[in-house]
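>>> After the sequence you'll find the predicted model.
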Amino acid sequence: MNTAELLEQIDVLQEENRQLREHLGFVTPDLFLVGCKQVFGLTPSEARIFHAICFTRTGSRESIWLAYADGLPCEADPRGMDVMIFRIRKKIAHYGLTIVTLWGHGFRMGDGDKELLTKLLGQEAMQ
């Protein structure tokens, strides 16, 4: 097989994989995390925190930290989270996305940013 044929076969297999995952309802945050790395250049840790900000109902520091720690019990590091939020904000700002601080509570996405994020990452990553 030549290179063009291999690339075509890869495209076909990726599409089959996408359809099967969709059919089985097997869309995980992994798609979101990979998309964040590819589009924004977020590290895995930054992407987990960004995912938590986008998808947790409360957006509290505690819920974001638990999502970041993947449910493992650990001490929250407020300063460390602030640094990560700063880095995430810097990376996503180039795309017109914002993270709003809810003083005394936590964080949330800026108004209308979910729609823009869906366009940037794709519908599958946002489920």
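Thanks, I have it.
>>> Need the mean per-residue confidence for stretch 99-119.
Here stretch 99-119 scores 88 as its mean pLDDT.
>>> how long is that stretch from one end to the other?
Using CA to CA, to the nearest Å, the end-to-end distance of stretch 99-119 comes to 17 Å.
>>> For that stretch, buried residues please.
99, 106, 107, 108, 109, 113, 116, 117 (16 or more other CB atoms under 10 Å). C-betas here are computed from N, CA, C, even on glycine.
>>> any idea how far residue 11 is from the third one?
Put plainly, it is residue 107. From residue 107 across to residue 11, the span is 38 Å (CB to CB, to the nearest Å).
>>> Also the fourth one?
From residue 108 across to residue 11, the span is 37 Å (CB to CB).
>>> now do the fifth one
With distances taken as CB to CB, residue 109 is found 32 Å from residue 11.
>>> Is it correct that residue 32 is in contact with residue 122?
No: in this structure, residue 32 is not within contact of residue 122 by CB atoms under 8 Å, at 9.6 Å.
>>> Between these two, tell me which one has more neighbours.
Higher neighbour count among residue 32 and residue 122: residue 32, with 23 against 15, using other CB atoms under 10 Å.
>>> residues touching that one, list them.
Residue 32 is in contact with 47, 51, 54, 121, 125, 126, counting by CB atoms under 8 Å, 6 or more residues apart in numbering.
>>> Dump those residues to JSON lines, plus secondary structure.
Formatted as JSON lines, the contacts of residue 32 follow (DSSP: H, G, I helix; E, B strand; the rest coil):
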{"residue": "47", "secondary structure": "helix"}
{"residue": "51", "secondary structure": "helix"}
{"residue": "54", "secondary structure": "helix"}
{"residue": "121", "secondary structure": "helix"}
{"residue": "125", "secondary structure": "helix"}
{"residue": "126", "secondary structure": "helix"}
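>>> Let's have those in TSV, adding distance to residue 64 and neighbour count.
Formatted as TSV, the contacts of residue 32 follow (distance: CB to CB, whole Å; neighbours: other CB atoms under 10 Å):
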residue	distance to residue 64	neighbour count
47	13	22
51	9	19
54	10	21
121	19	19
125	19	21
126	18	18
